[in-house]
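>>> Generate coordinates for the sequence data below:
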Amino acid sequence: MMRFLPLLAACLLTNALADPVYKCTQDGKTSYSDRPCVHGKSVELPAPVGIRPEGAESVPTRDARTLLQLEKLRIAREKEQKREQERSDKADARQARAAATHRKQCARLNLRKRWAEEDVARLTGRAKMAAQRRSKRATEALAVECPA
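Sure thing, here's the model as predicted:
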């Protein structure tokens with residue numbers, strides 16, 4: 001029990017130091033009190049370093065909290081930008097695949113048209129009429145699918 005007595009005294013002293021202290025000057029005499037002077041000049045002394053009144057927040061603590069909030073906002077913004085970039089990349093890849101598929105289809109139709117024209121030039125009689133019909137259809141299909 002006796003060894004806890006100095007600890008208790010230190011705790012009480014710490015709380016006493018956190019209360020405001022007033023310096024009173026009256027009739028040339030200076031005194032210190034926990035209340036402002038009734039008569040004379042009264043000046044509130046600043047709290048000692050390391051002790052601050054309840055509810056008071058130090059500037060470094062506010063600054064640290066603000067910096068932490070700003071860092072969290074920056075990280076969230078970077079994550080959102082990364083997600084947007086990934087979405088954009090996926091959309092670009094999808095468009096590139098669709099364009100490649102379209103070019104392949106156009107090349108296939110162009111090849112069929114060329115083969116049909118070769119058949120028209122090579123065949124005679126009724127077979128030539130059928131080849132002309134196939135050539136015309138291949139040309140129309142190419143015009144519809146690949147207008148350029």
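>>> so which strand or helix has Glu140?
helix 125-145 (DSSP states H and E).
>>> In that helix, which of the residues would be classed as buried?
Burial within helix 125-145, assessed by neighbour count using 16 or more other C-beta atoms under 10 Å, is assigned to Ala131, Arg134, Ser135, Ala138, Thr139, Leu142. Heads up, the C-betas are built off the backbone N, CA and C, glycines and all.
>>> longest helix anywhere in this structure?
helix 59-122 (DSSP state H).
>>> returning to that earlier point: between the buried residues of helix 125-145, which is closest to His102?
Distance to His102 across those (C-beta to C-beta) is lowest for Leu142, with 12.7 Å.
>>> hang on, the closest one packs against Ala107?
No: Leu142 is beyond contact range of Ala107, at 10.3 Å (criterion: C-beta atoms under 8 Å).
>>> can you list contacts of stretch 130-139?
Residues from elsewhere that reach stretch 130-139 (C-beta atoms under 8 Å, 6 or more residues apart in numbering): Leu109, Arg112, Lys113, Trp115, Ala116, Glu117, Asp119, Val120, Arg122, Leu123.
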